[in-house]
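A.B. asks: can't give you the sequence, but here's the structure:
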């Protein structure tokens, strides 16, 4: 089971790495693109535990468009990063 979790996490991180600056994807969209539709909450867990600077986890937002939390400074920091990149007004 652990290998399956690592495989899932790697696929999620690969999808998130491909989100261009100025764009966002929802947790659900990331799950679908990684091949795991319905695993939006699990994507959130991977992002919550991500400290790899090459994975721009701040570009993953909630389905309702709100930014959600960010493990490197909270929602306020996430919103500021997205504004700086042009993803938010």
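C.D. replies: It's in. Quick caveat, the model's predicted, so the values are computed rather than measured.
A.B. asks: name the helices or strands packed onto the host helix or strand of residue 16?
C.D. replies: Using DSSP states H and E, the element containing residue 16 is helix 2-17. Using 3 or more Cβ pairs under 8 Å, 6 or more residues apart in numbering; DSSP states H and E, the elements in contact with helix 2-17 are helix 27-33, helix 40-48. Every residue, glycine included, has its C-beta placed from N, CA and C.
A.B. asks: Summarise which helices and strands the first one is packed against.
C.D. replies: If I follow you right, that is helix 27-33. helix 2-17, helix 40-48, strand 60-61.
A.B. asks: cutoff 6 Å now
C.D. replies: helix 40-48 (3 or more Cβ pairs under 6 Å, 6 or more residues apart in numbering; DSSP states H and E).
A.B. asks: Just the residues contacting the helix it packs on, thanks.
C.D. replies: For helix 40-48, contacts defined as Cβ atoms under 6 Å, 6 or more residues apart in numbering pick out 9, 12, 27-28, 30-31, 57, 60, 71.
A.B. asks: So which of the helices and strands packed on helix 2-17 is the most surrounded?
C.D. replies: helix 27-33 (a mean of 21; mean count of other Cβ atoms under 10 Å).
A.B. asks: what is the mean pLDDT for it?
C.D. replies: Averaging pLDDT along helix 27-33 gives 97.
A.B. asks: Any stretches of the chain with poor pLDDT?
C.D. replies: Low-confidence segments of the chain (pLDDT under 70): 1-4.
A.B. asks: in it, which residue is closest to the centre?
C.D. replies: Nearest to the geometric centre of the chain sits residue 60, at 3.4 Å (Cα atoms, centre = their mean).
A.B. asks: what sits against that residue?
C.D. replies: 25, 27, 30, 47.
A.B. asks: go with 7 Å
C.D. replies: 16, 24-25, 27, 30, 43, 47 (Cβ atoms under 7 Å, 6 or more residues apart in numbering).
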